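[1] what follows is a predicted protein model with its sequence.
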Amino acid sequence: MRHRKKKIVLDRKKAPRVALLKNLACQLILYEKIKTTAGKARVLRPLVEKLISRGKIGTLASRRLVASRLPIKSAVKKVFEVLGPRYKERPGGYLRIIKLNPRQGDGAKMALIEFV
C-alpha cells in the first residue's frame, strides 16, 4: 500500500532527479526567475524556500547545509548575502508560480517560478 507516501518522481530515477533539482535551484537563485514545466516548479518551490529560510539564519551550520544542496558557490553566497536579508521579516512564501501557455512542441504545461 502507498498510503501517505508522497514523493514526486518526475519520471526519473533518484540520481538524475536530484541533479535536476539542484541545477534548477541554482538557476532560480542566480537568475531569480526561470521558466520550466509546472510539475518541476511545484517540486522546486519547497526546496528553494527551505534554503532561503536557512539563509535568513546565517550560521556556519546553515551555510554548510545550503552548500551541500547547491553545487554552485556563487548561488550559496547569494542566498546568504542577498536573499536572506531581503526576506528577513517575511515569515515564508518567497516564491510564486505563474502558469503559462502550454509548450508548442509537446503541449507540456509550463510555468514561471520567481521570487516575490
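    It's in. The structure presented is a predicted model; accordingly, all values stated were derived computationally and were not measured.

[2] longest helix anywhere in the chain?
    Longest helix in the chain, counting residues (DSSP state H): helix 38-57.

[3] and for that one, what are the contacting residues?
    8, 10, 20-21, 24-25, 28-29, 36, 62, 65-66, 69-70, 79-80, 83-84, 87-88, 92-95, 97, 99, 108-113 (Cβ atoms under 8 Å, 6 or more residues apart in numbering). Yep, even glycine has a C-beta here, placed from its N, CA and C like the rest.

[4] narrow those to those in helices?
    Filtering the contacts of helix 38-57 for helices - DSSP H - leaves Leu20, Leu21, Leu24, Ala25, Leu28, Ile29, Ser62, Leu65, Val66, Arg69, Gly84.

[5] give the contact list for the third one.
    In this case it means Leu24. Leu24 sits in contact with Ile34, Thr36, Lys40, Leu44, where contact means Cβ under 8 Å, 6+ apart.

[6] hmm, which of those are the buried ones?
    Listed as buried from the contacts of Leu24 are Ile34, Thr36, Lys40, Leu44; burial here means 16 or more other Cβ atoms under 10 Å.

[7] and which of those is nearest to Ala75?
    Relative to Ala75, the closest of those is Ile34; by Cβ to Cβ it sits at 12.7 Å.
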